[in-house]
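A.B. asks: Whatever this is, show me its structure:
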Amino acid sequence: MSNVSSIEWTDSTWNVVTGCTQVSPGCDHCYAMTFAERWRGVKGNYFESGFDLMLRPNMLDRPALWKAPRRVFVNSMSDLFHKGVPDAYLDSVFDRMESVDRHVYQILTKRPERMRRYLKKRYGAEPIPAHIWLGVSVESNAFAWRVDMLREVNVPVRFLSIEPMLGPVNRVSFRGIHWVIVGGESGHGYRPMREAWVNSVRDRCVRRNIAFFFKQWHKNGTGRLLGDRTWDQMPFLVPDGVAKPPRNDSLKSTKGSSS
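C.D. replies: Model (predicted):
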């Protein structure tokens with residue numbers, strides 16, 4: 001929770017909330033829940049309460065301690081827009097992100113209805129600061145509505161995490177999307193991901209100049225190659241805070257290097 005993250009598309013994780021509840025098939029084999037539940041009932045352990053929702057105000061000021069700019073994945077162990085997180089606590093999180101603006105904050109949710117409601121309340125018609133990126137998880141065509149809600153948020157960088165990819169997403173519109181991450185499910189009993197599904201997403205991104213990041217197949221020795229190469233693209237931010245097509249397969253920002 002963590003100065004360095006093993007997640008390929010970020011540098012660090014910032015867990016101001018831990019714990020969650022399942023809302024869709026993509027949650028069935030949740031790595032965060034599996035990890036936290038190992039420690040349920042262990043006195044004194046950080047996850048003594050397992051994967052029960054917990055606010056972690058002791059973590060709020062962590063980004064201020066990181067002097068070099070970096071990409072920060074907000075809540076790898078929860079969903080910031082869970083209904084159990086009070087608006088006042090969300091205010092504290094966004095206050096920190098706005099004030100420590102040398103980092104890029106990557107927020108991913110399966111609850112875009114709450115995200116949309118809160119952000120409209122906080123920012124109204126004003127754009128969300130360019131160093132705060134917002135994304136939704138979409139594991140199959142059945143969850144295209146999450147992407148529709150994301151498009152209603154006035155944010156310079158919108159991204160999709162198609163992980164775990166449980167089916168094709170050919171009916172999910174990529175209009176207004178700047179970055180797409182694809183990955184297969186990992187761990188015991190993973191559900192297979194078809195190469196044709198991944199190739200279809202990649203080809204759509206290439207045609208539309210959308211940054212494409214292929215995270216993994218299934219982690220059990222299958223690696224990250226798609227065809228004969230890896231795909232590590234991220235959006236490119238220009239001085240006016242507008243996301244541009246991928247460039248040099250890396251994040252660039254007017255704040256400086258994020259790694």
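A.B. asks: Phi, psi for the residue of the chain most remote from its centre please.
C.D. replies: In the chain, the residue that sits farthest from the middle, by Cα atoms, centre = their mean, is residue 43; the gap is 30.9 Å. Backbone geometry at residue 43, expressed as degrees, to the nearest 10, gives phi -60, psi 130.
A.B. asks: quick one: it from residue 36, how far?
C.D. replies: With distances taken as Cβ to Cβ, to the nearest Å, residue 43 is found 15 Å from residue 36. Heads up, the C-betas are built off the backbone N, CA and C, glycines and all.
A.B. asks: what ranges do the helices span in this protein?
C.D. replies: Taking DSSP state H as the criterion, the chain carries its helices at 31-37, 62-65, 87-99, 112-123, 144-150, 195-208.
A.B. asks: which residues are in contact with the longest one?
C.D. replies: When contacts are taken as Cβ atoms under 8 Å, 6 or more residues apart in numbering, the neighbours of helix 195-208 outside the stretch itself are 162, 165, 167-170, 174, 180, 182, 210-212, 214, 226, 231.
A.B. asks: how about 6 Å then?
C.D. replies: Where contact means Cβ atoms under 6 Å, 6 or more residues apart in numbering, the residues beyond helix 195-208 that reach it are 165, 168, 174, 180, 182, 212.
A.B. asks: returning to what we had before: for the helices of the chain, give me TSV that also has mean pLDDT and distance to residue 22.
C.D. replies: What follows is these, written out as TSV (pLDDT from 0 to 100; distance: least, Cβ to Cβ, whole Å):
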stretch	mean pLDDT	distance to residue 22
helix 31-37	94	8
helix 62-65	98	27
helix 87-99	98	21
helix 112-123	98	16
helix 144-150	98	15
helix 195-208	97	23
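A.B. asks: Nearest to residue 3, out of the ones you listed?
C.D. replies: helix 62-65 (9.1 Å; Cβ to Cβ).
A.B. asks: So, low pLDDT: which residues of the stretch 151-259 of the chain?
C.D. replies: By pLDDT under 70, the weakly predicted segments of the stretch 151-259 of the chain are 220, 237-245, 247-259.
A.B. asks: how does it look with 90?
C.D. replies: Where the stretch 151-259 of the chain drops to pLDDT under 90, the residues are 186-189, 219-223, 235-259.
A.B. asks: So which residue is dead centre in this protein?
C.D. replies: In the chain, the residue lying closest to the centroid (Cα atoms, centre = their mean) is residue 108, at 3.4 Å.
A.B. asks: Quick check, pLDDT for the closest residue in space to it that isn't next to it in sequence.
C.D. replies: Leaving aside its sequence neighbours, residue 108 sits nearest to residue 135 (Cβ to Cβ, 6 or more residues apart in numbering; 4.6 Å). You'll see residue 135 listed with a pLDDT of 98.
A.B. asks: quick one: residue 135 from residue 175, how far?
C.D. replies: 15 Å.
A.B. asks: Over to residue 129?
C.D. replies: Taking Cβ to Cβ as the measure, residue 129 falls 23 Å from residue 175.
A.B. asks: Just want to know which of those two has more residues nearby.
C.D. replies: Per other Cβ atoms under 10 Å, whichever of residue 129 and residue 175 has more neighbours is residue 129, with 16 against 10.
A.B. asks: Now do the buried residues in stretch 205-217.
C.D. replies: Within stretch 205-217, the residues scored as buried using 16 or more other Cβ atoms under 10 Å are 205, 210, 211, 212, 213, 214, 215, 216, 217.
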